[in-house]
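[1] the amino acid sequence is not available; the structure is as follows:
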């Protein structure tokens, strides 16, 4: 009978061990497997991020090389522009220190309708010769007169460029005939 007690004790121990194994250890193993799978997924994600970061790093290094080359090019252009600026400043200083060239002016008072004051206005506006006056538009001449004030607004520059063209080409007889046909500097 004592053998039966031993066998029953072994059987009860085995059943208890099996119940503990099923209820506790297998649950622990499943949880550990799930945790290991999660770690594997996390590791795969980290590897993918690492690969993407390396790709970005290669791209950014290439961009850096391009930008450095562009900077070197721009620095070269800046040096060239500085040299050109220095040369232009040197030329400007030479021009400023050079004696002024005599500017030839024509007697614009030859033109019907232009007196000494209007001649001065035109000279101040950069119109000094018959050729320059002939190339100037009537609108520009009117603007010069209007800027000078109300006493010059009565002057009519409509025929001045034509008269100046004849004077510039030294067609004096034709100019005199034309001026004789004018009435107060205006075509009649």
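    Nice, I can see it. These numbers were taken from a predicted model, which means no experiment stands behind them. Numbers count the residues shown, from 1 in each chain.
[2] what about the most centrally placed residue in the chain, which SS state?
    With distances taken as C-alpha atoms, centre = their mean, residue 74 lies nearest the centre of the chain, 14.8 Å away. Of the three states, residue 74 takes helix according to DSSP: H, G, I helix; E, B strand; the rest coil.
[3] from residue 67, how far off is it?
    According to C-beta to C-beta, to the nearest Å, residue 74 and residue 67 sit 10 Å apart. In this view, the C-beta of every residue, glycine as well, is placed from N, C-alpha and C.
[4] same check, this time on residue 59
    Relative to residue 67, and taking C-beta to C-beta, residue 59 is found at 13 Å.
[5] swap in residue 166?
    64 Å.
[6] of those two, which one has the most company?
    Set residue 166 next to residue 67 and count neighbours by other C-beta atoms under 10 Å: residue 166 wins out with 20 against 10.
[7] what's the closest non-adjacent residue to that one?
    residue 175 (4.1 Å; C-beta to C-beta, 6 or more residues apart in numbering).
[8] residues contacting that neighbour?
    Neighbouring residues of residue 175 by C-beta atoms under 8 Å, 6 or more residues apart in numbering: 110, 163, 166-167.
[9] so residue 52 is in which element?
    Assigned by DSSP states H and E, residue 52 belongs to helix 26-97.
[10] what's the next secondary structure element after that helix?
    Downstream of helix 26-97, the next assigned helix or strand under DSSP H and E is helix 116-124.
[11] from the chain's centre, how far out does that following helix sit?
    Put simply, helix 116-124 sits 41 Å off its chain's centre (C-alpha atoms, centre = their mean, to the nearest Å).
[12] what's it packed up against?
    helix 138-148 (3 or more C-beta pairs under 8 Å, 6 or more residues apart in numbering; DSSP states H and E).
[13] 10 Å - rerun?
    helix 130-135, helix 138-148 (3 or more C-beta pairs under 10 Å, 6 or more residues apart in numbering; DSSP states H and E).
[14] strand partners of the lowest-mean-pLDDT helix or strand in the chain, parallel vs antiparallel please.
    Ranking every helix and strand in the chain by mean pLDDT, DSSP states H and E puts strand 186-187 at the bottom, with a mean of 78. Strand pairing for strand 186-187, determined by DSSP bridges: strand 182-183 (antiparallel).
[15] what lies in contact with the partner strand?
    The contact list for strand 182-183, computed with C-beta atoms under 10 Å, 6 or more residues apart in numbering, reads 112-113, 158-159, 163, 188.
[16] would you format these as CSV with distance to residue 13 included?
    Below are the contacts of strand 182-183 laid out as CSV (distance: C-beta to C-beta, whole Å):
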residue, distance to residue 13
112, 140
113, 137
158, 132
159, 135
163, 136
188, 143
